[in-house]
Structure formats: C-alpha cells, structure tokens
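Undergrad: my questions are about this predicted structure, shown below with the sequence.
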Amino acid sequence: MKLHFTKMHGLGNDFVVFDGVRQAIALTPEQCRRIADRHFGVGCDQILLVEKSTRDDVDFRYRIFNADGGEVEQCGNGARCFVRFVHDKGLTDKPAIRVETASGVIEPRLLDSGLVKVNMGVPRFAPGEIPFVANAEALTYPLEVGQHRIEIAVVSMGNPHAVLRVNDLDSAPVDILGAAIESHRRFPQRVNAGFMQVLTPHDIRLRVYERGAGETLACGTGACAAAVAGIRQDWLQSPVSVHTRGGDLVIEWAGPGHAVLMTGPAETVFEGELELT
Ligand SMILES: N[C@H](CCC[C@H](N)C(=O)O)C(=O)O
C-alpha cells in the first residue's frame with residue numbers, strides 16, 4: 001500500500017507526517033519502527049498522524065509514535081509542525097487550532113513571524129499523575145542510577161520528564177546516563193531524560209535523551225519541563241530561552257496552575273511516498 005508522507009522537523013527533531021484526515025491510516029508498531037529507521041525506512045524521531053477529531057470542540061486529533069513504535073501522549077516540536085502541516089495541506093485556514101492529544105487539548109497558533117506558539121497545557125507534578133513511584137510531591141527526587149546518586153525534577157507535560165541540572169552540558173554523559181534514566185525501574189512507562197545547564201535566569205542549554213528515540217536535537221516538551229523545573233526551583237524566571245543543539249525555543253510559564261507557552265519554528269523538508277508493508 002502506497003502512503004504519501006511529509007517530512008518535517010522542529011529544530012532538527014524530525015517527523016514523518018501522515019494525513020489521516022483524507023485517508024484512513026492505521027500503523028502497527030512494527031510499521032512505525034520500519035518507517036522511522038534511518039537506513040531501511042524514511043528515518044525520523046517520531047511519526048505524527050493527523051486525524052479528524054472525535055469531538056466537536058476541537059479541530060483535529062494528533063497521534064504520536066516514537067521511533068521504537070510506542071504511541072505516546074504528547075510532542076511539543078510535533079505540535080508546531082502539526083499546525084504548519086494542516087495549513088499547508090488546506091485542512092484548515094484557522095491560524096489557531098485546538099488539537100486533541102492522548103493527554104488533553106493543545107492550542108498551536110501560526111504567528112505572523114512564521115514561528116508557531118503552542119499552549120502546551122498545565123504541567124503536572126503530583127506523583128500520581130507521573131509514572132514515578134513516589135509517595136508525595138516534591139521539587140526533586142533522589143534517584144540511584146548505577147553508581148550515580150542524582151537529584152531529578154519530575155514534570156509531566158502529558159508525557160513524563162525527568163530533569164537533571166548539570167554544570168557542563170558538553171561533558172554530561174547524556175548517552176549512558178540518559179539511557180539508564182529512560183528505562184529506570186522507578187518509571188514504569190519509561191521517561192524522557194533532560195539535562196539542563198543554567199546560563200542565566202532567562203537562558204538554559206538543554207539536551208534530552210528521549211523515551212523511545214534516544215538523544216534528539218531538540219525536545220519541545222523537554223524544553224517546557226526543564227523551564228518549569230528551573231522556575232519551580234528559583235533558578236529561572238519566565239520567559240526562558242532554551243538553547244538546544246537544533247536551535248532555540250522560548251518557554252513562558254506564569255507558575256503553578258498556568259499553562260506553559262512554547263514558541264519556535266516548524267519546517268517542511270520534502271514530500272514523499274512510501275510502500276507500507
Ligand atoms: N519521546 C517523547 C515523545 C516526543 C516528544 C518530543 N519529540 C517533543 O518535541 O516534545 C515521549 O516518549 O514522551
């Protein structure tokens with residue numbers, strides 16, 4: 001079966017996007033893995049599936065599959081590409097849309113500047129809402145990882161994030177420690193592992209070892225989680241510029257109970273067709 005796709009990225013976090021509005025598409029985990037494979041498939045960090053909404057108070061539904069084939073709750077860089085995609089494909093002419101995801105409704109908006117601003121919803125910290133086996137909410141939690149004992153902040157943006165502050169991002173053991181945190185037994189659904197270096201109260205550098213994809217050049221929900229974790233610990237003040245290896249995001253957060261706003265680019269790279277086996 002031939003499937004048309006659009007290759008997109010948000011700061012180098014790249015996606016294969018399918019129009020599930022005009023054609024019904026169902027992907028198995030194995031098909032997702034094959035599409036995401038950078039040698040045997042198209043290659044991407046995540047697959048995004050745009051669908052009609054099942055609700056009349058939102059415009060579209062948005063399904064996200066990691067390169068390992070697992071379906072997940074949220075993707076920030078993907079949300080920016082989502083609104084660019086539905087505009088470019090003539091699926092809507094509204095600059096701001098409401099999108100149903102597995103973890104709630106987000107609101108991406110195309111700005112006149114060409115950037116995209118997304119209301120990513122309210123971050124959550126209660127251990128019950130984060131797959132973290134803890135007995136009470138705290139700003140940080142100790143975690144034994146191999147011979148390391150680290151302090152992590154745990155933030156849900158719909159998807160789970162563990163955020164670690166480091167002094168030097170270039171020498172941080174993101175591959176080894178990130179993989180160990182991602183699959184740590186304290187996170188039954190696994191977790192995205194963010195490594196944050198605070199530069200000023202309004203600037204951080206960030207690398208994220210993503211659940212189901214490994215280290216990516218940028219992680220939108222990871223940038224939200226890191227900024228929120230830093231603001232909660234009085235290291236940061238809103239707005240926060242998050243400098244990732246793929247480029248910069250601006251995160252705004254007015255504090256507990258408020259939504260996180262993320263602003264950044266979304267690019268289309270090419271259109272293609274693949275044989276779905
Ligand atoms: N790996 C993430 C999903 C993609 C998130 C990321 N690409 C973003 O931009 O937020 C997870 O398993 O929760």
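TA: Perfect, thanks for sending it. Residues are numbered from 1 along each chain as shown.

Undergrad: dihedrals phi and psi, R80?
TA: For R80, the backbone dihedrals are phi -70, psi -40 (criterion: degrees, to the nearest 10).

Undergrad: list the contacts of it.
TA: Contacts here follow CB atoms under 8 Å, 6 or more residues apart in numbering; on that basis R80 touches 10, 108, 116, 118, 220, 262, 264-266. Any C-beta I mention is one placed from the backbone N, CA and C, and that applies to glycine too.

Undergrad: rerun at 7 Å
TA: R80 makes contact with 10, 108, 116, 118, 264, 266, according to CB atoms under 7 Å, 6 or more residues apart in numbering.

Undergrad: tell me the most packed of the residues you listed, by neighbour count.
TA: The most crowded member of those, judged by other CB atoms under 10 Å, is G10 (32 neighbours).

Undergrad: any idea how far the residue lying closest to that residue once chain neighbours are set aside is from the ligand?
TA: Closest residue to G10 apart from its sequence neighbours, by CB to CB, 6 or more residues apart in numbering: N77 at 3.0 Å. As for N77, its distance to the ligand is 3 Å (criterion: CB to the nearest ligand atom, to the nearest Å).

Undergrad: so N77 makes contact with G220?
TA: Yes. The pair formed by N77 and G220 meets the contact definition of CB atoms under 7 Å, at 4.0 Å.

Undergrad: overlap in contacts of the two?
TA: By CB under 7 Å, 6+ apart, the residues touching both N77 and G220 are G10.

Undergrad: more neighbours, these two?
TA: A count of neighbours by other CB under 10 Å puts N77 above the other of N77 and G220, at 35 against 29.

Undergrad: list the buried ones in the host helix or strand of the more buried one?
TA: Per DSSP states H and E: N77 is located in helix 76-88. The neighbour-count check on helix 76-88 (16 or more other CB atoms under 10 Å) flags 76-87 as buried.

Undergrad: pull the contacting residues for the nearest residue to G272 once chain neighbours are set aside.
TA: Take G272 and drop its neighbours on the chain: the residue closest to it by CB to CB, 6+ apart is F5, 5.5 Å away. Taking CB under 7 Å, 6+ apart, we find F5 in contact with 16-18, 42, 272, 274.

Undergrad: apply 8 Å and report the result again.
TA: Neighbour list for F5: 16-18, 35, 42, 271-274 [criterion: CB under 8 Å, 6+ apart].

Undergrad: now V50
TA: Neighbouring residues of V50 by CB under 8 Å, 6+ apart: 17-21, 60-62, 82, 85-86, 91.

Undergrad: confirm it sits in a strand?
TA: Yes. V50 sits within a strand when classified using DSSP: H, G, I helix; E, B strand; the rest coil.

Undergrad: gap between it and A266?
TA: 13 Å (CB to CB, to the nearest Å).

Undergrad: how about V228?
TA: 22 Å.

Undergrad: ok, A102 touching F65?
TA: No. Counting by CB atoms under 8 Å, A102 does not reach F65; the two are 11.0 Å apart.

Undergrad: okay, and the common contacts of those two?
TA: The contact sets of A102 and F65 overlap at 71-72 (CB under 8 Å, 6+ apart).

Undergrad: give me the neighbour count for T140.
TA: 17.

Undergrad: so the residue nearest to it when sequence neighbours are not counted: helix, strand or coil?
TA: Nearest residue to T140, sequence neighbours excluded (CB to CB, 6+ apart): E151, at 4.5 Å. Put simply, E151 is strand when judged by three-state DSSP.
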